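Colleague: How does the following fold in three dimensions:
(2 chains)
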Amino acid sequence: NAGVTQTPKFQVLKTGQSMTLQCAQDMNHNSMYWYRQDPGMGLRLIYYSASEGTTDKGEVPNGYNVSRLNKREFSLRLESAAPSQTSVYFCASSEWVNTGELFFGEGSRLTVL
Amino acid sequence: GDSVTQMEGPVTLSEEAFLTINCTYTATGYPSLFWYVQYPGEGLQLLLKATKADDKGSNKGFEATYRKETTSFHLEKGSVQVSDSAVYFCALSGSGYSTLTFGKGTMLLVSP
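Modeller: Take a look at the predicted model:
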């Protein structure tokens, strides 16, 4: 069972470059999320999609854009990467926003030089 | 707004020791409470949950009781193993339609 799959797992960018993190889930979940994890900061929500066709800002949306491509896929785009965006990014999904049980991908480690 | 406060780590224990990781919360209404675990190099996974006051969630030898009077959901295990070394996150799901609120996480290191 694949669950939540993220690509790429590792990426190194130069300041100003753009990239897209891809996420797909095979559990027929309605809600999907993007988090970043930084030392001492815990998990911070960047954007989420409560259901297909909707997206909403989380705690730290600046510098990011998202697309809910279909029910399975939710991508995160960095238009002009900055060193402050060096982090580990996690995609997650759940049946609905308020069901509480999230299923996480393995993470994508991004370094911006 | 909703918030979760966890004890800072790392928590360092010897194998077979008793574990407590404290978690307190602030929320309106009647939230559901969760513990997630993150093993090295992996994403988070749900460890246990409790949806109403006095409920006890349990899994893999871990337990936590939803205490509304003290707004707490402390994680306990009677005898830890080296394989329990991980980061543990307390989280709550507030009333209504809201995303999970996570604590900052507590690292547990268990030595043989």
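
Colleague: now the residue nearest to A:Leu78 when sequence neighbours are not counted: how far from A:Val112?
Modeller: Distances taken as Cβ to Cβ, 6 or more residues apart in numbering or on different chains put A:Met19 closest to A:Leu78, at 5.6 Å, once the chain neighbours are dropped. C-beta: built from backbone N, CA, C; applies to glycine. As for A:Met19, its distance to A:Val112 is 9 Å (criterion: Cβ to Cβ, to the nearest Å).

Colleague: more neighbours, those two?
Modeller: Legend: neighbour count by other Cβ atoms under 10 Å in any protein chain shown for A:Met19 and A:Val112, higher for A:Val112 (19 against 16).

Colleague: re the thing from before, need the residues touching each of A:Met19 and A:Val112.
Modeller: When contacts are counted by Cβ atoms under 8 Å, 6 or more residues apart in numbering or on different chains, A:Met19 and A:Val112 are jointly contacted by A:Leu13, A:Ala81.

Colleague: Check whether stretch A:32-45 comes into contact with chain B.
Modeller: Yes: if you take Cβ under 8 Å from any Cβ of the partner chain as the test, stretch A:32-45 does meet chain B, through A:Tyr33, A:Gly40, A:Met41, A:Gly42, A:Leu43, A:Leu45.

Colleague: Now the residues you listed in TSV, please, with extra columns for secondary structure and neighbour count.
Modeller: Compiled in TSV, the residues of stretch A:32-45 next to chain B are given as follows (DSSP: H, G, I helix; E, B strand; the rest coil; neighbours: other Cβ atoms under 10 Å in any protein chain shown):
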residue	secondary structure	neighbour count
A:Tyr33	strand	26
A:Gly40	coil	7
A:Met41	coil	12
A:Gly42	strand	18
A:Leu43	strand	26
A:Leu45	strand	20
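
Colleague: Can you name the residue of chain B nearest chain A?
Modeller: At 3.2 Å from chain A, B:Gly43 is the closest residue in chain B, using Cβ to the nearest Cβ.

Colleague: which residues does that residue contact?
Modeller: Going by Cβ under 8 Å, 6+ apart, B:Gly43 touches A:Val4, A:Phe90, A:Ala92, A:Phe104, A:Gly105, A:Glu106, A:Gly107.

Colleague: List only buried entries from those residues.
Modeller: Buried subset of the contacts of B:Gly43 (neighbour count, 16 or more other Cβ atoms under 10 Å in any protein chain shown): A:Val4, A:Phe90, A:Ala92, A:Phe104, A:Gly105, A:Gly107.

Colleague: Chain B: which of these is nearest?
Modeller: Looking across the buried ones among the contacts of B:Gly43 and measuring by Cβ to the nearest Cβ, the closest to chain B is A:Phe104, at 3.2 Å.

Colleague: Quick check: the gap between the nearest residue to that closest one once chain neighbours are set aside and B:Gly105.
Modeller: Nearest residue to A:Phe104 in three dimensions, chain neighbours excluded: B:Gly43, at 3.2 Å (Cβ to Cβ, 6+ apart). According to Cβ to Cβ, B:Gly43 stands 13 Å off from B:Gly105.

Colleague: what does chain A put close to chain B?
Modeller: A:4, A:33, A:40-43, A:45, A:48, A:50, A:58, A:90, A:92, A:97-107.

Colleague: So which of these are in strands?
Modeller: Counted as lying in strands by DSSP state E, out of the residues of chain A next to chain B, are A:Val4, A:Tyr33, A:Gly42, A:Leu43, A:Leu45, A:Tyr48, A:Phe90, A:Ala92, A:Phe103, A:Phe104.

Colleague: Could you check how far the spatially most central residue of chain A is from chain B?
Modeller: For chain A, the residue sitting closest to the mean C-alpha position, by Cα atoms, centre = their mean, is A:Trp34 at 2.8 Å. Per Cβ to the nearest Cβ, to the nearest Å, A:Trp34 is found 11 Å from chain B.

Colleague: Appreciated, that's everything.
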